[in-house]
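**Student:** Give me a 3D structure for the following:
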Amino acid sequence: MSPPSFRHRAFQGWFIVAAVFAITFVGFGSAYTFSAFVESLQREFNASRGAVSLVFSLAGFLYFSLGAISGPLADRWGARRLAILGMALIALGLVLAGMARTLGEVYAAYTFGVGLGVGCAYVPAVGVVQRWFVRRRGLASGLAVSGIGVGTLVMPPVASLLIDTLGWRQAYFILGGLAAMFGIGASLLIKDDPYTQGLAPDGDSRHMDAPTPNRSGLSVRDAVRSPQFVGLYIACLISSFGVFVPFVHLVPYALDHGIAQSAAVLLLGAIGAGSTAGRFFLGGIADRIGRQPFLLITFSGMALALTIWAVATNIWTLAVFALLFGVFYGGWVAILPAVMVDYFGGRNASGIIGILYTSVAVGTLIGPSVAGFAFDVSHSYTIPIIASVGANVCALIIAAFVMRMPVTAVA
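**Tutor:** Numbering: from 1, shown residues only. Sure, this is the predicted structure:
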């Protein structure tokens, strides 16, 4: 057998994956630095932990719910424009957060900058990757969104270092500049469809009379009415009540247990490290064992990890939790878009994925903020953590029922 050609080895789809990796790195890396700013914002504005936590929750609600709008717009107008706009908004939001004089101004800057920016860019960018691949969709999707994991690993420690050396305001200014430079640059590399470039998915040879699988599939209207979509929507909604609690409260939890600030921030980085591993490796495994059954594994894995958090009191058990949770969280994020396209086809991938993510938006809004207010009342995270475990067990049961239903459409 002759060796693969350079064109095959340099399939343009992998460059699209790299661009989306950079976009998710900048977008979510910037968003997940928030945990490093919690203590500074509490001191600066004399605010409770619940009130400060609401900043992240509002931004998270917006960037997941906005996918229901940005996804269909990307299907019609192209993802590049939405991604560029999103990265510019993130940069502006971070800079304005650094200029804020009240906690309300932080709410506005973070919500309408970071929240709106990620909402504009994330779903359109991830939807593009689904069109460039079919057989290796799980792997490609995992690699693309692994930028979230690497961003979570790298950005919070960088933010903490900047806060310690320059102050929290200057830290926001620098992060805003980095977001503008790298985020907008990566967005310019996006191309929406392999067929418009004279290519076919997965690097296959294109035959002019061959069917175009990524242009087939259900309409958004038909997809969201299907029992599979409804079931997965409910499962993701319930799971999300607990999934995003660690991103806001793990660092404060560690500080409450006598762990130094530098080590506590590294725990958030450990989630990023585990998440990166999960996205890099588990997406390819899911392609082999089945992407729908693999989704069940991610729900059960997150429940197990959160159970460890409920009893963790020192740096080592918290590190085990963070790594394990990151692996299964990363696998969950990586596989969700691919599962959607497996069920409903690729023609309206961004629109369908965007509507699914509104479920995550509601969970992101409620989970971290309720956990913060519960802490203000009880001075303990026990109840929020146990509730997070239960949420993922419920999601697992619901998703298991969905997996027994026949596939509606295969891309």
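
**Student:** buried ones in the one helix or strand A83 maps to?
**Tutor:** When secondary structure is defined by DSSP states H and E, A83 falls within helix 79-99. Within helix 79-99, the residues scored as buried using 16 or more other C-beta atoms under 10 Å are 79-80, 82-98. Backbone N, C-alpha and C define where each C-beta goes, glycine included.

**Student:** helices and strands around that helix, which ones?
**Tutor:** Secondary-structure packing of helix 79-99 (3 or more C-beta pairs under 8 Å, 6 or more residues apart in numbering; DSSP states H and E): helix 12-31, helix 67-77, helix 103-109, helix 116-132, helix 168-178, helix 184-187.

**Student:** Out of these, the one nearest L295 is which?
**Tutor:** L295 lies closest to helix 116-132 among the helices and strands packed on helix 79-99, at 15.5 Å (C-beta to C-beta).

**Student:** Would you mind identifying the next helix or strand past that closest one?
**Tutor:** Next along from helix 116-132, by DSSP H and E: helix 137-166.

**Student:** now that following helix against helix 116-132, angle please.
**Tutor:** Inter-element angle recorded for helix 137-166 and helix 116-132: 150 degrees (by axes from the mean of the first three to the mean of the last three C-alpha atoms, to 10 degrees).

**Student:** Please renumber the chain so that the first residue is 34 from this point on.
**Tutor:** Fine by me, first position is 34 from now on; the one you just mentioned is helix 170-199.

**Student:** List the buried residues for helix 170-199?
**Tutor:** Per 16+ other C-beta under 10 Å, helix 170-199 contains these buried residues: 170-193, 195-196.

**Student:** got it, and stretch 295-312?
**Tutor:** Those would be 297-312, for stretch 295-312 by 16+ other C-beta under 10 Å.

**Student:** Flag the least confident of those residues.
**Tutor:** Ranked by pLDDT, the buried residues of stretch 295-312 bottom out at R312 (73).

**Student:** For I217, see how far away that residue is.
**Tutor:** Distance of R312 to I217, computed by C-beta to C-beta, to the nearest Å: 23 Å.

**Student:** Farthest pair within the buried residues of stretch 295-312?
**Tutor:** Pairwise distances among the buried residues of stretch 295-312 were taken by C-beta to C-beta; the largest, 23.8 Å, belongs to A297 and R312.

**Student:** rewinding a little: please identify the deepest-packed of the helices and strands packed on helix 112-132.
**Tutor:** helix 149-165 (a mean of 30; mean count of other C-beta atoms under 10 Å).

**Student:** just the angle between that one and helix 112-132, please?
**Tutor:** Here the directions of helix 149-165 and helix 112-132 differ by 150 degrees (the same axes, to 10 degrees).

**Student:** name the element the residue lying closest to S98 once chain neighbours are set aside belongs to?
**Tutor:** Closest residue in space to S98, ignoring its immediate chain neighbours: A394 at 3.6 Å, by C-beta to C-beta, 6 or more residues apart in numbering. Per DSSP H and E: A394 is located in helix 382-411.

**Student:** Could you pull out the buried residues of that helix?
**Tutor:** If you call a residue buried by 16+ other C-beta under 10 Å, then helix 382-411 has these buried ones: 382-408.

**Student:** could you check the angle helix 382-411 makes with whichever helix or strand comes after that helix?
**Tutor:** As assigned by DSSP H and E, the chain's next helix or strand after helix 382-411 is helix 415-436. Orientation check (the same axes, to 10 degrees): helix 415-436 against helix 382-411 gives 150 degrees.

**Student:** pull the CA atoms of helix 415-436 into PDB?
**Tutor:** Provided in PDB are the C-alpha atoms of helix 415-436 (Å, rounded to 0.1, in the frame of the first residue of the first chain):
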ATOM      1  CA  THR A 415     -22.100  19.900  51.700                       C
ATOM      2  CA  ILE A 416     -25.600  20.300  50.500                       C
ATOM      3  CA  PRO A 417     -24.800  21.900  47.100                       C
ATOM      4  CA  ILE A 418     -22.200  19.100  46.400                       C
ATOM      5  CA  ILE A 419     -24.600  16.300  47.300                       C
ATOM      6  CA  ALA A 420     -27.300  17.900  45.100                       C
ATOM      7  CA  SER A 421     -24.800  18.000  42.300                       C
ATOM      8  CA  VAL A 422     -24.200  14.300  42.600                       C
ATOM      9  CA  GLY A 423     -27.900  13.600  42.500                       C
ATOM     10  CA  ALA A 424     -28.400  15.800  39.500                       C
ATOM     11  CA  ASN A 425     -25.900  13.700  37.500                       C
ATOM     12  CA  VAL A 426     -27.400  10.400  38.600                       C
ATOM     13  CA  CYS A 427     -30.800  11.700  37.400                       C
ATOM     14  CA  ALA A 428     -29.300  12.800  34.100                       C
ATOM     15  CA  LEU A 429     -27.700   9.300  33.700                       C
ATOM     16  CA  ILE A 430     -31.100   7.600  34.100                       C
ATOM     17  CA  ILE A 431     -32.900   9.900  31.700                       C
ATOM     18  CA  ALA A 432     -30.100   9.600  29.000                       C
ATOM     19  CA  ALA A 433     -30.200   5.800  29.400                       C
ATOM     20  CA  PHE A 434     -33.900   5.800  28.300                       C
ATOM     21  CA  VAL A 435     -33.000   8.000  25.400                       C
ATOM     22  CA  MET A 436     -30.400   5.600  24.200                       C
END
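
**Student:** List the residues that contact V85.
**Tutor:** V85 sits next to 71, 74-75, 78, 136, 405 when contact means C-beta atoms under 8 Å, 6 or more residues apart in numbering.

**Student:** now, among the buried residues of stretch 295-312, which is nearest to G323?
**Tutor:** G311 (16.9 Å).

**Student:** pLDDT weak spots in this structure?
**Tutor:** The chain contains residues with pLDDT under 70 at 34-42, 238-249, 316, 379, 439-444.
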